[in-house]
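Engineer: pasting the sequence and the predicted model now:
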Amino acid sequence: MSETSYYAHLQPHQIDPERVSLFKIRSQGTTGNWYVRIRRTNYKTSNKRYFQQSLKTRSLDIAKQKASLIYLQIRDVEDRGKEFTNKRFSSAFEEFLNDGLTAGKGRRKRFESTYRRYWLEFFGDIELSQLTTAKFNDYLRWRSNYWEGYVSSGQLERERDAGIKTYHYSVVPRTSTLKTERQMIKQFLFWCNEREYISVVPQLKTKISGIKGVKSSTARRKSKALTEEMERTIERRLRDYCLNDVVGSNTNWLKRFGRRRLYYFTYFARHSLIRPNTELTHLKWSDIEIMESKKHDGKQLALLRVTNAKGGKERMAVMPYGQVNLIYRWRDESLAFNEELGESRFGGLNDYVFPSYRGGQHITETHLIARLLRDRLKDWGLSHTEEGLSVT
């Protein structure tokens, strides 16, 4: 087929008539979209002598504007002695994951899962130059409706039946989630700019709540971080490590004290919802009041006065009926160390509940307790969830 039989309405572009032409494809008729053809001045292979692309518009005026922008991008790259490459999204992102992404394990996992689940389907093989603010806004509209359609179509249920695990999805995504995805894709685009795959990084500055057709929630969601199976495994390993000493197997009281303190610290925080930081390390035995339940005969609950609460305002926490025994057990354990050491070091009324090994009047540093837990989880292969999130 000759060039004349292929092109229709061929005409030079005033921005550079020697290099830039607009045309339509004859077989598509007069109603087809306009295309741009630009002769390269810096190319390595003969089949790349010309850059050609659909402008996706039937309007000649709009086609001229789009062609001008593309020409300026090409000229900018060529002026720097480079060959313009209109890289495709998927191939560029795979390269970014393999060579360009500098991130911790958790964030890398987030990039990979977001790309596989959403970006690969929506952006697919589009040219990077087409990833504009308008295109990304289209993505946000699609993304905000993704799970609604996925659930209603039965696809999610079919995935689960096939053994494919899906975590932490929301039918209506949070605004913060969409903002995070925007920052992630901008990180990718800045990398593309450094590699000279694109000459300009789109701003993507549109306010998410102001984009027509985008549904998102500003409510904060606190989801269960661990699967039930993983939680049971950690509980079992923690109980064995902290409490189940074989008699005579661990004569170092400091190690036993540290392990038991870790166990009770963890479960005080879990059941009373006192923050496992200075809120809990500042708790004293005098701050705990155990009382008989007025509603349930024979049951007790405990009120815990949190003096070092977040925001500086004192508050009360509650240890529910089923867990009050944790308080009695840890007090007994603390007093038992006194008998072993032959001195009254722990468990006094004005002592800290979780003190330093030096004695009940000495506050401990939270990071020492956290480090012991972190190291053991790492030893047990339980330091990260299946999504790559750290267990703390």
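Structural biologist: Yes, it's here.

Engineer: can you list the low-confidence ranges for the stretch 201-350 of the chain?
Structural biologist: By pLDDT under 70, the weakly predicted segments of the stretch 201-350 of the chain are 219-225, 245-251.

Engineer: where do the helices sit along it?
Structural biologist: Here the stretch 201-350 of the chain has its helices, by DSSP state H, counting those that start in this stretch, at 228-242, 253-272, 278-281, 324-341.

Engineer: now, of the ones you listed, which is deepest in the fold?
Structural biologist: Ranked by mean neighbour count, the helices of the stretch 201-350 of the chain are led by helix 278-281 with a mean of 20 (mean count of other C-beta atoms under 10 Å). From N, CA and C alone the C-beta is placed, and that goes for glycine too.

Engineer: distance from the chain centre to that helix, please.
Structural biologist: Averaged C-alpha coordinates place helix 278-281 at 28 Å from its chain's average position (C-alpha atoms, centre = their mean, to the nearest Å).

Engineer: check which helices and strands it sits against.
Structural biologist: Applying 3 or more C-beta pairs under 8 Å, 6 or more residues apart in numbering; DSSP states H and E, we find helix 278-281 packed against helix 253-272, helix 366-379.

Engineer: and the helices of the stretch 201-350 of the chain as TSV, adding distance to Tyr197?
Structural biologist: Listed next are those as TSV, based on distance: least, C-beta to C-beta, whole Å:
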stretch	distance to Tyr197
helix 228-242	40
helix 253-272	48
helix 278-281	48
helix 324-341	58
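
Engineer: quick one, which of those gets closest to Asp16.
Structural biologist: helix 228-242 (61.8 Å; C-beta to C-beta).

Engineer: contacts for that closest one next, please.
Structural biologist: Residues from elsewhere that reach helix 228-242 (C-beta atoms under 8 Å, 6 or more residues apart in numbering): 226, 259-260, 262-263, 266, 373, 376-377, 380, 382, 385, 391.

Engineer: quick one, what contacts Gln73?
Structural biologist: The contact partners of Gln73, taken as C-beta under 8 Å, 6+ apart, are Phe84, Ser129, Ile198, Ser199, Val200.

Engineer: closest to Lys24 out of the helices of the stretch 201-350 of the chain?
Structural biologist: Ranking the helices of the stretch 201-350 of the chain by proximity to Lys24 (C-beta to C-beta) places helix 228-242 first, at 59.5 Å.

Engineer: any idea which helix or strand carries the residue nearest the centre of the chain?
Structural biologist: Taking C-alpha atoms, centre = their mean, the centroid of the chain lies closest to Arg110, which sits 5.0 Å from it. Per DSSP states H and E, Arg110 falls inside helix 105-114.

Engineer: cool, and Ala103?
Structural biologist: Using DSSP H and E, no helix or strand contains Ala103.

Engineer: for it, give me phi and psi.
Structural biologist: Here is the backbone geometry of Ala103 (degrees, to the nearest 10): phi -160, psi 160.

Engineer: could you measure the residue nearest to it when sequence neighbours are not counted against Leu101, distance?
Structural biologist: Once flanking residues are discounted, Ala103 sits nearest to Phe111: 6.8 Å by C-beta to C-beta, 6 or more residues apart in numbering. According to C-beta to C-beta, to the nearest Å, Phe111 stands 6 Å off from Leu101.

Engineer: show me which of those two is the more surrounded one.
Structural biologist: Neighbour totals were compared for Phe111 and Leu101, and Phe111 leads with 20 against 17 (other C-beta atoms under 10 Å).

Engineer: tell me which residues touch the residue nearest to Ala103, please.
Structural biologist: Going by C-beta under 8 Å, 6+ apart, Phe111 touches Leu97, Leu101, Ala103, Met184.

Engineer: give me the buried entries from these.
Structural biologist: Among the contacts of Phe111, those buried by neighbour count (16 or more other C-beta atoms under 10 Å) are Leu101, Met184.

Engineer: from the contacts of Phe111, which has minimum pLDDT?
Structural biologist: Lowest in pLDDT among the contacts of Phe111 is Ala103, which has 75.

Engineer: quick one: stretch 65-74 to chain centroid distance?
Structural biologist: A distance of 36 Å separates the centroid of the chain from that of stretch 65-74, by C-alpha atoms, centre = their mean.

Engineer: select, out of the helices and strands packed on helix 278-281, the one closest to Trp330.
Structural biologist: Short answer: helix 253-272, nearest of the helices and strands packed on helix 278-281 by C-beta to C-beta, at 4.1 Å.

Engineer: run through the neighbouring helices and strands of that closest one.
Structural biologist: For helix 253-272, the packing partners by 3+ C-beta pairs under 8 Å, 6+ apart come out as helix 228-242, helix 278-281, strand 315-319, helix 324-341, helix 366-379.

Engineer: the nearest residue to Leu280 once chain neighbours are set aside and Ile38: what is the separation?
Structural biologist: Distance criterion C-beta to C-beta, 6+ apart; nearest residue to Leu280, sequence neighbours excluded, is Ile274 at 4.9 Å. Ile274 sits 66 Å away from Ile38, going by C-beta to C-beta.
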